[in-house]
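Engineer: Sequence plus the predicted model coming up.
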Amino acid sequence: MTSCFLEGWPLYSTAMKREVAAAATIAFVASFCTLVVELVAGRILAPYVGVSLYTWTSIIGVVLTGISIGAWLGGALADRYAPSRLLPLLVLLASAASLAIVPLSSLPAGATIPLPDSLMARVLVLAFAIFFLPSCILAMISPVAIKIALRDLDRTGHIVGRIYAISTAGSILGTFTTGFFLIAHFGTRAILVGMALVLAICAAVTAMAARDRRMVILSIVFATIAIAALRPRFLHPPFADVSEFAKETNYYTVRVEERTRIDGGGKLQVLILDQLMHSLNDVNRPCYLAYGYLRIFDEVIRARGLGGRSIKLLFLGGGGYTLPRCAERAFPNVTIDVVEIDPQITAVAYRFLGLSPRTRIRTINTDARWYLLRSTGKYDVIFSDAFNDLSIPYHLTTREFVQLEKDHLAPDGVLAANVIDNVPAGDFFPSYVRTVQEVFGATNTQVFVDRDAYARDAQSTLVILAGGLPRIQSTRLPAADLNDAFRRGRWTPLSDDYAPVDNLLAPLFAERAHYQRR
């Protein structure tokens, strides 16, 4: 029985036929490049629409649509035209489509580009416009390569299975290489140009095998164009020229820009994460707090540190390190821990945002929940400031996480969290407040607003305090507004099992897009 199974099945030590090896190599490269496109898509769209469930749903759906249509078209073309001459053309077209992603990715920055207000529609339109064609053309390559390798119909299953397995290995390697190495070291645009160059070289090689001199020359010309594109001006994102610093990390597109204070009192270093202006920092005046929610946070710290008491603070989310720097300056007896998931942001804070190399602030570069799960420390105040505008890590909003925060508070300790939403129309704000109330109790939970920036019918930044509530002078959210937010009935307590944060915030994105277009 064993001999029957092995009959006609070459041992792994037997060299694969030249056609099969060539087809498998091309399929490997095409699949590798497809996953590169899929992963860099998230980083390319982040400065315009953030990174959310909608972003990745749209990207994966568009790429899979391209793969499906491309595989069907590739198979049809392989039966109609000579596959040996068709293959280099498709590889070269894939190279051109990959290179075209770079200029296309700058189009959303133009104010004249009409885009839908809906977050779902906007992300889907952008993903389709930029990434469908490259995915489709790349998917057309494998069926044509397989057609070239199929010389013996009795071994079709073996050949197709082997090429498919090697193709999948290319997808796997493309996933891990891009996610763990390429983006952090080269940036998305350099990756795409390099990918276009590799595909142009592959097109030249396959054209030589087909003895297609014109395609060889065309491929070499395009490879030269790709090499020429490896220059800073072409690789820079559209905002690079106005940024003092710009870098794509494993988590964000990070930018630093210099601007003048509104009061004319000096210069500010502005930290921008993806599409959000995250913090405004006066390097020479650590306690310049431009945002109202930071002033509320600061008032909480000062209430806890009255009389020179020793206090211990935990910041979940470092960002621009604005308030940690201020607390360090204002309170000599303060202990400050900052949990910041992205080490590159911490490095930017040291380099541009005034964080001193001699700071007493202790930074832990890890996920906030992971840190609390492994920490035994108790804190007088925990600041939950890891929500990046509309890109909110849902696992930091749930009842289980709020309970974890409560467990790390000292007796009479305070949890302080900031939330952006439209109070009467938003769905995330009441959901998060009710979740906090379930853990701390409604009487131990209060909501504060920046009186100069709060608008009942527009998006606002709010601060939720829970636990041992301090006496502060900041403005409480009117009880009628809070009751109206709950009365609408579209809120839901958030848990690890059910936390539709992106869905709850989608109307806020549409509201913002509509406002920007007015």
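Structural biologist: Yep, it's here. Numbering: from 1, shown residues only.
Engineer: Does the strand or helix carrying I217 pack against any helices or strands, and if so which?
Structural biologist: Following DSSP states H and E, one finds I217 within helix 213-228. Helices and strands touching helix 213-228, by 3 or more C-beta pairs under 8 Å, 6 or more residues apart in numbering; DSSP states H and E, are helix 83-104, helix 188-209. C-beta coordinates here come from the backbone N, C-alpha and C atoms, glycine included.
Engineer: can you put those in a markdown table and add mean pLDDT and distance to P411?
Structural biologist: Below are these laid out as a markdown table (pLDDT from 0 to 100; distance: least, C-beta to C-beta, whole Å):
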| stretch | mean pLDDT | distance to P411 |
| --- | --- | --- |
| helix 83-104 | 93 | 55 |
| helix 188-209 | 92 | 48 |
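Engineer: Tell me which of these lies nearest to V338.
Structural biologist: For those, the distance to V338 is smallest for helix 188-209, at 28.0 Å, taking C-beta to C-beta.
Engineer: angle of the closest one against helix 83-104?
Structural biologist: Orientation of helix 188-209 against helix 83-104 (axes from the mean of the first three to the mean of the last three C-alpha atoms, to 10 degrees) gives an angle of 160 degrees.
Engineer: just checking, what's the longest strand in the protein?
Structural biologist: Counting residues, the longest strand found in the chain (DSSP state E) is strand 409-422.
Engineer: list the helices and strands it packs on?
Structural biologist: Secondary-structure packing of strand 409-422 (3+ C-beta pairs under 8 Å, 6+ apart): helix 292-304, strand 379-384, helix 399-407, helix 428-440, strand 459-467, helix 501-517.
Engineer: ok, and what's touching the helix holding I217?
Structural biologist: With contact meaning C-beta atoms under 8 Å, 6 or more residues apart in numbering, helix 213-228 is reached by 85, 88-89, 92, 95-96, 99, 193, 196-197, 200-201, 203-204, 207-208.
Engineer: Go through it and flag the buried ones.
Structural biologist: 215-216, 218-219, 222-223, 225-226 (16 or more other C-beta atoms under 10 Å).
Engineer: Which of those residues lies at the shortest distance from G179?
Structural biologist: A226 (23.2 Å).
Engineer: For A200, see how far away that closest one is.
Structural biologist: The gap separating A226 from A200 is 6 Å, by C-beta to C-beta, to the nearest Å.
Engineer: mind listing what the longest strand of the chain pairs with, with the direction of each?
Structural biologist: strand 379-384 (parallel), strand 459-467 (antiparallel) (DSSP bridges).
Engineer: Confidence-wise, which of these is weakest overall?
Structural biologist: For the strands paired with strand 409-422, mean pLDDT drops lowest on strand 459-467, to a mean of 90.
Engineer: what angle separates that strand from helix 399-407?
Structural biologist: Going by the same axes, to 10 degrees, strand 459-467 makes 50 degrees with helix 399-407.
Engineer: Report the two of the contacts of helix 213-228 separated the most.
Structural biologist: Using C-beta to C-beta, those span at most 26.9 Å, a distance reached by R85 and V193.
Engineer: Just want to know which of those two has more residues nearby.
Structural biologist: Neighbours of R85 and V193, each counted by other C-beta atoms under 10 Å, are more numerous for V193; the result is 24 against 15.
Engineer: Which residues are in contact with the closest residue to that one other than its chain neighbours?
Structural biologist: Nearest non-adjacent residue to V193, counting by C-beta to C-beta, 6 or more residues apart in numbering: A229, 4.8 Å away. For A229, the contacting residues are 99, 102, 193, 196, 235, by C-beta under 8 Å, 6+ apart.
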